[in-house]
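Chemist: Quick one: sequence plus predicted model below, questions after.
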Amino acid sequence: MGCPTVVLNGPAGNRLLFQNDFNIIANKQPISLTRIVGKKSILELSGEDHKRMRSAIMQFLKPEALQKFVGRMNSIIKKHFVDCWDERTLAGDLLFGLNDSEEIEILSQDFTEAFKALWSLPLDLPGTAFRSELKARSRICKRLSSLLKVRRRELHEGKFCPGQDLMSNMLSSRNENGKAMTEEEIIDNMIALMSAGHETTCNLLINVLRLLALNPHVYQKVLEEHMEILTKKEIDEPLTWDDIQKMKYTWKVCQETMRLISPVFGGFRKAMKDVEFGGFVIPKGWQILNLYAKILIDYLVDEKEKTFGTAKQKESEVKIDFGKNKREGQIKKVG
């Protein structure tokens, strides 16, 4: 990962990471990921900068804001179930406001190339995956920069609304001093969201489909729930937020899937000073990897609960304890 790394898991490790001040343990990704996603992304920020960026992003991504996009997402997904299954088309529309299929395809190819070697050795040499990754990021930045110029003009002319996609939302966002985000901040966080959303969504969907195939009785209940909603709608009538709220069993299936198989393998931090933990000292500058996936498996009560649909453990056994500090609310629990 480009620097000495210590691996943690379990409640004690969670408390160390999430109850400490940013001046002791800060957000810091591996070199290869930082070079691709960008040093101004939310994955790299700490303290007030992290709070400001998270607030700007969540204005668009919070459930209350996403409700108005349900019909739009439904029509895009239906179209691409017919043409091809590519969730980045949906992301291209909601994040960048792109409707041009050719432009989406070019961006999609560049993002695929950029994300191939996120965890590769950071060797910037001809022929390496990391060099190809850097070139792909450069192409992405140029395209997003051009899109930003167009979107600024459209917002100024009133042709686009601030909440119509994430790009326009971030362009319109201002901090408490009235300062706008820089182009670098917007581009880096767009790339970070594409990376995070693509990996986690793919992992969850694949695992849900696999477990449904292995558990026909669960699949049948999911099908019945969806058919009940469908029978009350007109032909080609799009889904609504109310329809999604009725999918309670489907959501339980997703939660159960994440209980068994985390869509994220772990998260990185950096020790900003020497940190004592479990009788050892984590030296200043060392990288810390917290394994979310292992937390889930280690805190299942018995072997039976490692089977799909048998969750009985208390919530506290898989919960990540964040404490009452600036990190509270970033993630409430794993799974």
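Modeler: That came through fine.

Chemist: now this protein, which segments are flagged as low pLDDT?
Modeler: Along the chain, the model assigns pLDDT under 70 to residues 1, 78-93, 198, 293-335.

Chemist: mind giving me the domain ranges of it?
Modeler: For the chain, automatic domain parsing gives the domain ranges 1-24+215-335, 34-183.

Chemist: gap between the last one and the chain center?
Modeler: On the basis of CA atoms, centre = their mean, to the nearest Å, domain 34-183 is displaced by 12 Å from the centre of the chain it belongs to.

Chemist: want to throw the domains of the chain into TSV with mean neighbour count and distance to Asn207?
Modeler: (C-beta placed from N, C-alpha, C; glycine too.) TSV is the format used below for these (neighbours: other CB atoms under 10 Å; distance: least, CB to CB, whole Å):
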stretch	mean neighbour count	distance to Asn207
domain 1-24+215-335	15	5
domain 34-183	16	15
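
Chemist: Same list, the ones you listed, but as JSON lines with distance to Asn189 please.
Modeler: JSON lines is the format used below for the domains of the chain (distance: least, CB to CB, whole Å):
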{"stretch": "domain 1-24+215-335", "distance to Asn189": "15"}
{"stretch": "domain 34-183", "distance to Asn189": "5"}
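
Chemist: residue boundaries of the helices in this protein?
Modeler: For the chain, the helices defined by DSSP state H occupy 11-18, 31-37, 47-61, 63-66, 70-83, 87-96, 101-115, 129-157, 166-172, 183-214, 216-231, 241-245, 248-260, 292-298.

Chemist: any chance of these in CSV, plus distance to Leu123?
Modeler: Shown next, in CSV, are the helices of the chain (distance: least, CB to CB, whole Å):
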stretch, distance to Leu123
helix 11-18, 29
helix 31-37, 9
helix 47-61, 29
helix 63-66, 40
helix 70-83, 36
helix 87-96, 27
helix 101-115, 16
helix 129-157, 5
helix 166-172, 33
helix 183-214, 20
helix 216-231, 45
helix 241-245, 45
helix 248-260, 34
helix 292-298, 27
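
Chemist: Out of these, flag the one nearest Met272.
Modeler: Checking those against Met272 by CB to CB gives helix 47-61 as the closest, at 11.1 Å.

Chemist: Of all the domains of the chain, which one is nearest Thr201?
Modeler: Between those, domain 34-183 lies closest to Thr201; by CB to CB that is 5.7 Å.

Chemist: Now the terminal residues of the closest one, how far apart.
Modeler: This stretch, domain 34-183, spans 17 Å end to end (CA to CA, to the nearest Å).

Chemist: what do you get for stretch 111-123?
Modeler: Stretch 111-123: ends 19 Å apart by CA to CA.

Chemist: do stretch 162-182 as well
Modeler: By CA to CA, the extent of stretch 162-182 from end to end equals 16 Å.

Chemist: Contacts made by it with the rest, please.
Modeler: Residues outside stretch 162-182 that contact it (CB atoms under 8 Å, 6 or more residues apart in numbering) are 40, 52, 56-57, 59-61, 65, 93-97, 147-148, 151-152, 154-155, 160-161, 185-186, 189-190, 193.
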